[in-house]
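Participant: pasting the structure only:
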């Protein structure tokens, strides 16, 4: 992972942020555990190749099931989160006890000792936010990658909301909560604002994408 440090500082993302051993270590006993016979873990979204807009993210990740998010910042930090619920551009939040955040602790080659998990707090309330115009979001502010320009949850806020591209977030920007939140993020969690060099999402390649990427939805009355 030391190559990620140089990639972050240079602004040139590597071909892959996580090697297979770290992927397996992070995802053991999850819904996309690579050791399961029905799981074919694939990188389904790579921002430097597929685009940094939240629209690009949802186009490739909606309807693909659980996903592991990995980001690399310009300061060389590597971290992310596991979303067991997946994404569907619902403009809603989801509760789950299976989500977690994680961060790289050093420059190891991918052994399980080189990362730390931050588990969701008991109850898993509002663990995952799924804005149609935003990137991956864990908790209300624990980790937000590509925040929407106008975050609207389950409601209508004017004609521009129907054109999701107008309000689409830029995944080159990420923020992490400075205190509290939905996850037990202790010392070592990279708090603050971050300039992002790369975002990757890993999911089960056996779950095929559906034709629609979701988008604007009216709240059911």
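Facilitator: That came through, no problem. For clarity, every value in this text was computed on a predicted model and none was experimentally measured. Numbering: from 1, shown residues only.

Participant: Provide a list of residue ranges in this structure with pLDDT below threshold.
Facilitator: Counting by pLDDT under 70, the chain has low-confidence residues at 1-11, 106-113, 151-164, 178-179, 210-221.

Participant: Which strands or helices does the longest strand that it contains pack on?
Facilitator: Taking DSSP state E as the criterion, the chain has its longest strand at strand 192-204. Strand 192-204 sits against helix 2-10, strand 41-46, helix 47-50, helix 54-61, strand 67-73, strand 173-176, with contacts defined as 3 or more Cβ pairs under 8 Å, 6 or more residues apart in numbering; DSSP states H and E. C-beta coordinates here come from the backbone N, C-alpha and C atoms, glycine included.

Participant: Give the next helix or strand downstream of the fifth one.
Facilitator: The reference is to strand 67-73. strand 78-83 (DSSP states H and E).

Participant: cool, the longest one as well?
Facilitator: Using DSSP H and E, the helix or strand that follows helix 2-10 towards the C-terminus is helix 20-27.

Participant: Tell me the buried residues in that following helix?
Facilitator: Within helix 20-27, the residues scored as buried using 16 or more other Cβ atoms under 10 Å are 22-27.

Participant: still on that earlier bit, which of the helices and strands packed on strand 192-204 sits most buried?
Facilitator: Neighbour counts (mean count of other Cβ atoms under 10 Å) averaged over each of those peak at strand 67-73, with a mean of 24.

Participant: Give me the sheet partners of that one and which way each runs.
Facilitator: If you go by DSSP bridges, strand 67-73 pairs up with strand 78-83 (antiparallel), strand 192-204 (antiparallel).

Participant: outside of that strand, which residues touch it?
Facilitator: Under the contact criterion Cβ atoms under 8 Å, 6 or more residues apart in numbering, strand 67-73 has outside partners 4, 7-8, 13-14, 17-18, 23, 26-27, 32, 44, 61, 78-83, 86-87, 136, 145, 174, 190, 194-203.

Participant: one step back: make TSV from the strands paired with strand 67-73 and add distance to residue 128 and mean neighbour count to it.
Facilitator: TSV is the format used below for the strands paired with strand 67-73 (distance: least, Cβ to Cβ, whole Å; neighbours: other Cβ atoms under 10 Å):
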stretch	distance to residue 128	mean neighbour count
strand 78-83	5	26
strand 192-204	13	21
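
Participant: Just checking: what are the partner strands of the helix or strand harbouring residue 116?
Facilitator: Remark: residue 116 resides in strand 115-119, with elements defined by DSSP H and E. Take DSSP bridges as the rule and strand 115-119 pairs in its sheet with strand 100-104 (antiparallel).

Participant: and the strand it pairs with with helix 20-27, angle?
Facilitator: Strand 100-104 and helix 20-27 are oriented at 150 degrees to each other (axes from the mean of the first three to the mean of the last three Cα atoms, to 10 degrees).

Participant: Which residues does strand 100-104 contact?
Facilitator: With contacts defined as Cβ under 8 Å, 6+ apart, strand 100-104 is touched by 1, 4, 26, 77-82, 114-120, 138, 142-143, 183, 185, 188-190.

Participant: filter those to the buried ones?
Facilitator: 1, 4, 26, 77-82, 114-116, 118, 120, 138, 142-143, 183, 185, 189-190.

Participant: ok so, going back, quick one: which of the helices and strands packed on strand 192-204 is nearest residue 130?
Facilitator: Closest to residue 130 of the helices and strands packed on strand 192-204, according to Cβ to Cβ: helix 54-61, at 9.1 Å.
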